[in-house]
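Enquirer: From the sequence below, what's the structure:
(one chain, ligands or ions: 2)
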Amino acid sequence: MDIMKKFSLEGKVALVTGAAYGIGFAIAEGLASAGAKIAFNCRGEKHMQQALADYAAKGIEAKGYFCDVTKEDEVREMIASIEKDLGPVDILVNNAGIIKRIPMTEMSTDEFSEVIDIDLIAPFIMSKAVLPGMIERHHGKIINICSMMSELGRETVSAYASAKGGLKMLTKNIASEYGAYNIQCNGIGPGYIATPQTAPLREPQADGSRHPFDSFIIAKTPAERWGDPEDLMGAAVFLASEASDFVNGHILYVDGGILAYIGKQP
Ligand code: NAP
Ligand code: GCO
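Expert: Ligands and ions are numbered 1, 2, ... in the order given. All right, here's what the predicted structure looks like:
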């Protein structure tokens, strides 16, 4: 048996949401290098033009769509267009997400809801849009981008932790509900990854020293570094490929060991 064949995504269509840059872009690049045709979405013209140029520079023929993942009609339209342009979606990566770092007692209900809408309800909307086709074809892969906050809490991220904890359970529920149709739904739980989302936590201080949160993360991570988006490529290819056909409802944490570690001794 050629085990490497099981990791091939040749002939598959992968849709990665919010993949103009950051983690989504790296995951799309990983899936493309395993052979998948890539579709991605973003919300603005500026990001679209930059993303198309960045994919082209990597030699990837990605197709970009304008779509806000919280809008069910836009999502339905995008899925239909992808089916027409590239073929039915075999692999969906629910990556688009936001965070708001606000102490809970100061957070408005609207702010809390916006995070839940994008980080939890949108993966429901996206998955609901591709599942009927996957059921019909008796094949499909859904990968939800979870977080350390699917397991842990911390100051200021109550909405994000609620959404990512919920996304972990949505993952397990999709696996439970549709596993009989040869559909696998798994999550990737990235550790602290250097992207625009975490840039404010890494900004050097006025005197040039490390941001205290930056030092805190280095101390909390056995690997003693932030992750790069590229660190997530291997997990994404595995969970998108036949190699993981009997893996379902699992969250694969790619965190440099954070969840295994009690923290540096004093
Ligand atoms: P990022 O750099 O901020 O990128 C997020 C992407 O999501 C952007 O392209 C953004 O597009 C898109 N997006 C947000 N809301 C959207 C919407 N309503 N419709 C369509 N696209 C939308 O974040 P990242 O660090 O790459 O994170 C990607 C995912 O990984 C997120 O789900 C995040 O929570 C998760 N994650 C990140 C880390 C980390 O340490 N960085 C760790 C664990 C999990 P716009 O430019 O239009 O806003
Ligand atoms: C934060 C961070 C995290 C990470 C990530 C960890 O403020 O604590 O933004 O939430 O982005 O999700 O896995």
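Enquirer: Using CSV, write down the CA coordinates of the longest helix along the chain.
Expert: With residue count as the measure and DSSP state H as the assignment, the chain has helix 158-178 as its longest helix. As requested, C-alpha coordinates have been extracted for helix 158-178 and formatted as CSV (Å, rounded to 0.1, in the frame of the first residue of the first chain):
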residue,chain,number,x,y,z
SER,A,158,-15.6,35.5,27.5
ALA,A,159,-17.3,35.7,24.1
TYR,A,160,-14.5,34.1,22.2
ALA,A,161,-14.1,31.2,24.7
SER,A,162,-17.9,30.7,24.6
ALA,A,163,-17.9,30.6,20.8
LYS,A,164,-14.8,28.3,20.5
GLY,A,165,-16.1,26.0,23.3
GLY,A,166,-19.3,25.8,21.4
LEU,A,167,-17.5,25.2,18.1
LYS,A,168,-15.8,22.2,19.7
MET,A,169,-19.2,20.7,20.6
LEU,A,170,-20.7,21.6,17.1
THR,A,171,-17.8,19.6,15.7
LYS,A,172,-18.6,16.6,17.9
ASN,A,173,-22.3,16.9,17.0
ILE,A,174,-21.8,17.1,13.3
ALA,A,175,-19.5,14.0,13.6
SER,A,176,-22.3,12.2,15.6
GLU,A,177,-25.1,13.2,13.3
TYR,A,178,-23.5,12.6,9.9
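Enquirer: Average pLDDT for that helix, rounded please.
Expert: Average pLDDT, helix 158-178: 99.
Enquirer: So is it next to ligand 1?
Expert: No - residues of helix 158-178 contacting ligand 1 under Cβ under 6 Å from any ligand atom: none, with a closest distance of 6.8 Å. Where C-beta positions appear, they are placed from N, C-alpha and C, glycine not excepted.
Enquirer: relative to helix 158-178, how tilted is the following helix or strand past that helix?
Expert: Downstream of helix 158-178, the first helix or strand assigned by DSSP states H and E is strand 183-190. In this structure, strand 183-190 runs at an angle of 160 degrees to helix 158-178, with axes from the mean of the first three to the mean of the last three Cα atoms, to 10 degrees as the basis.
Enquirer: close to ligand 1, is the helix or strand following strand 183-190?
Expert: Using DSSP H and E, the helix or strand that follows strand 183-190 in sequence is helix 212-220. No - judged by Cβ under 6 Å from any ligand atom, helix 212-220 and ligand 1 are separated, with a smallest distance of 9.2 Å.
Enquirer: Enumerate the residues of the protein near ligand 1.
Expert: Among all residues of the chain, those adjacent to ligand 1 (criterion: Cβ under 6 Å from any ligand atom) are 17-18, 20-24, 41-44, 47, 68-70, 95-98, 118, 145, 147, 190, 192-193, 195-198.
Enquirer: Out of those residues, name the ones that lie in helices.
Expert: Assigned to helices by DSSP H, the following of the residues of the chain next to ligand 1 qualify: Gly22, Ile23, Gly24, His47.
Enquirer: tell me, which of those residues make contact with ligand 2?
Expert: Residues shared between those and the neighbourhood of ligand 2: none [Cβ under 6 Å from any ligand atom].
Enquirer: My read is that Ala260 contacts Pro222, right?
Expert: Yes - at 7.0 Å, Ala260 and Pro222 qualify as touching, with contact defined as Cβ atoms under 8 Å.
Enquirer: So between these two, which is more surrounded?
Expert: The residue with more neighbours, out of Ala260 and Pro222, is Pro222; 12 against 9, by other Cβ atoms under 10 Å.
Enquirer: circling back to that earlier point, spatially, which two of the ones in helices among the residues of the chain next to ligand 1 are the most separated?
Expert: Ile23 and His47 (14.5 Å; Cβ to Cβ).
Enquirer: who has more neighbours, the two?
Expert: Comparing Ile23 with His47 by neighbour count (other Cβ under 10 Å), the higher total belongs to Ile23, at 28 against 16.
Enquirer: can you pull the contacts of that one?
Expert: By Cβ atoms under 8 Å, 6 or more residues apart in numbering, the residues touching Ile23 are Asn95, Ile145, Pro190, Ile193, Thr195, Pro229, Leu232.
Enquirer: ok, the fifth one - contacts?
Expert: Taking Cβ under 8 Å, 6+ apart as the contact definition, Thr195 lies against Tyr21, Gly22, Ile23, Pro229.
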